[in-house]
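Colleague: This is the structure alone, sequence omitted:
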């Protein structure tokens, strides 16, 4: 490493001379010396040094103050602080400002060499630094957008989970699940089909973006449709990036360019399909879309099972109420006149004592 410019900010020639003569000159560095912090800051801002070695207690402006002003000016020049001693707080402040090292005087040339090597290894020239900073900022912005998207996704899934536990209106809940499926995957259309075991047909329970024709009462035989693969295998089907020439028509009547079907699985039984598709957009679906749709399908199954249990409970409650009403309206059973217990009269303690005495 030779030819790099090193700016030294130090009022003590006795400290600077052995450093320059014993290390920096022999190894080919270009040395610029400032006797105080004010001059050092000016040299740092206008002289484009590759590295700064500054005395913490430099006059007119301390080494740490020079570093502070450089960071405010968005100058990321590698910085080494030196000093006779240093407090814990000084070290903390220096570390927070990304100082390469804090070297205690008298300086050990081996330690200085090591610190310089580490500093210059991290140093980037000004033009690429701007480019790298721009790319880094873009990267962070992209990560933030992804995190925000994940937060929205989790928030929606959490909301659906709460609704499953509290909403008893199955139609309303399934419609909300389809709406969430379309929103989370960025799809144009979405629908939920359930299997009618008696007719072996899939019938529409909820849809979004399909029009009135498919909104309710729509049925399709499972053996004649693409969802058959999902019903038979219990595995999702995802087809994306279909060109105009390759457009295919689903048995539901859709001309689509991308679709995603996931099974509604109750225990070991497939009871239906949750689907999204793009009819106009060429946007394909991703593995994350598959994950989100599968989670919504699980919520749909829970909602359907809850509705079934609730309906069963209502039927049982009605039967119990009917039996209770019939029992209350029935005539009382016959009993003997002397049988107090059969007549339903209260058997008091006095009566028991009287009976024992007779």
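Modeller: Everything's here; your move. Just so it is clear, the structure is predicted and the values come from calculations on it, not from any experiment.

Colleague: For this protein, which segments count as helices?
Modeller: Assigned by DSSP state H, the helices in the chain fall at 13-19, 37-46, 63-72, 88-96, 109-122, 126-166, 170-185, 212-215, 227-233, 287-329, 349-357.

Colleague: now these in a markdown table, with distance to residue 205?
Modeller: To be clear about C-beta, it is placed using only N, CA and C from the backbone, and glycine gets the same treatment. A markdown table is the format used below for the helices of the chain (distance: least, CB to CB, whole Å):
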| stretch | distance to residue 205 |
| --- | --- |
| helix 13-19 | 81 |
| helix 37-46 | 69 |
| helix 63-72 | 61 |
| helix 88-96 | 59 |
| helix 109-122 | 60 |
| helix 126-166 | 15 |
| helix 170-185 | 5 |
| helix 212-215 | 11 |
| helix 227-233 | 13 |
| helix 287-329 | 9 |
| helix 349-357 | 64 |
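
Colleague: Check those for me: which has the lowest mean pLDDT.
Modeller: In terms of mean pLDDT, the lowest-scoring of those is helix 349-357 (a mean of 53).

Colleague: how about the helices of the chain in TSV, adding distance to residue 6 and mean neighbour count?
Modeller: Below are the helices of the chain laid out as TSV (distance: least, CB to CB, whole Å; neighbours: other CB atoms under 10 Å):
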stretch	distance to residue 6	mean neighbour count
helix 13-19	10	14
helix 37-46	11	19
helix 63-72	14	19
helix 88-96	18	12
helix 109-122	7	15
helix 126-166	16	12
helix 170-185	56	20
helix 212-215	75	12
helix 227-233	68	18
helix 287-329	50	14
helix 349-357	108	9
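
Colleague: Nearest spatial neighbour of residue 281, chain-adjacent residues omitted?
Modeller: residue 188 (6.2 Å; CB to CB, 6 or more residues apart in numbering).

Colleague: What separation do you get for the one you found and residue 206?
Modeller: As judged by CB to CB, to the nearest Å, residue 188 and residue 206 stand 16 Å apart.

Colleague: who has more neighbours, these two?
Modeller: Set side by side, residue 188 and residue 206 show more neighbours around residue 206, with 25 against 19, by other CB atoms under 10 Å.

Colleague: Break this structure into its domains for me.
Modeller: Taking automatic domain parsing as the domain assignment, the ranges for the chain are 5-126, 146-305.

Colleague: can you list those in JSON lines and add distance to residue 324?
Modeller: Compiled in JSON lines, those are given as follows (distance: least, CB to CB, whole Å):
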{"stretch": "domain 5-126", "distance to residue 324": "75"}
{"stretch": "domain 146-305", "distance to residue 324": "24"}
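
Colleague: can you tell which of these is closest to residue 319?
Modeller: Relative to residue 319, the nearest member of the domains of the chain by CB to CB is domain 146-305, separated by 20.1 Å.

Colleague: what's the neighbour count on residue 10?
Modeller: Neighbour count for residue 10, taken as other CB under 10 Å: 24.

Colleague: Phi and psi next, for it.
Modeller: phi -160, psi 130 (degrees, to the nearest 10).

Colleague: can you pull the contacts of it?
Modeller: By CB atoms under 8 Å, 6 or more residues apart in numbering, the contact set of residue 10 is 16, 33, 35, 53, 54, 55, 58, 82.

Colleague: What about those, which are in strands?
Modeller: If you go by DSSP state E, the contacts of residue 10 have 33, 53, 54, 55, 82 in strands.

Colleague: export the residues you listed to CSV and tack on pLDDT?
Modeller: Shown next, in CSV, are the ones in strands among the contacts of residue 10 (pLDDT from 0 to 100):
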residue, pLDDT
33, 95
53, 95
54, 93
55, 93
82, 89
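
Colleague: out of those residues, who's nearest residue 9?
Modeller: Closest approach between the ones in strands among the contacts of residue 10 and residue 9, by CB to CB: residue 54, at 4.0 Å.

Colleague: quick one: that closest one and residue 161, what's the gap?
Modeller: In terms of CB to CB, residue 54 sits 58 Å off from residue 161.

Colleague: Who does the closest residue to residue 116 other than its chain neighbours form a beta bridge with?
Modeller: Nearest non-adjacent residue to residue 116, counting by CB to CB, 6+ apart: residue 51, 6.5 Å away. Counting by DSSP bridges, residue 51 forms beta bridges with residue 6.

Colleague: Residue 51 contacts residue 9, correct?
Modeller: No: counting by CB atoms under 8 Å, residue 51 stays clear of residue 9, with 11.5 Å between them.

Colleague: Spell out for me the PyMOL command that would select the buried members of the ones in strands among the contacts of residue 10.
Modeller: Entered in PyMOL, the line below selects the buried ones among the ones in strands among the contacts of residue 10, by 16 or more other CB atoms under 10 Å:
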select buried, resi 33+53+54+55+82
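
Colleague: Relative to residue 281, how far out is the closest residue to residue 168 other than its chain neighbours?
Modeller: Excluding the flanking residues, the one nearest residue 168 by CB to CB, 6+ apart is residue 310, at 6.2 Å. Distance, residue 310 to residue 281, by CB to CB: 39 Å.

Colleague: got it, and residue 5?
Modeller: 55 Å.

Colleague: And residue 54, by the same measure?
Modeller: Distance from residue 54 to residue 281, by CB to CB: 58 Å.

Colleague: same thing with residue 39?
Modeller: The value you get for residue 39 to residue 281, if CB to CB is used, is 63 Å.

Colleague: Can you name the residues that contact the residue nearest to residue 116?
Modeller: Contacts of residue 51 by CB under 8 Å, 6+ apart are 4, 5, 6, 7, 77, 78, 79, 80, 116, 119, 120, 123.
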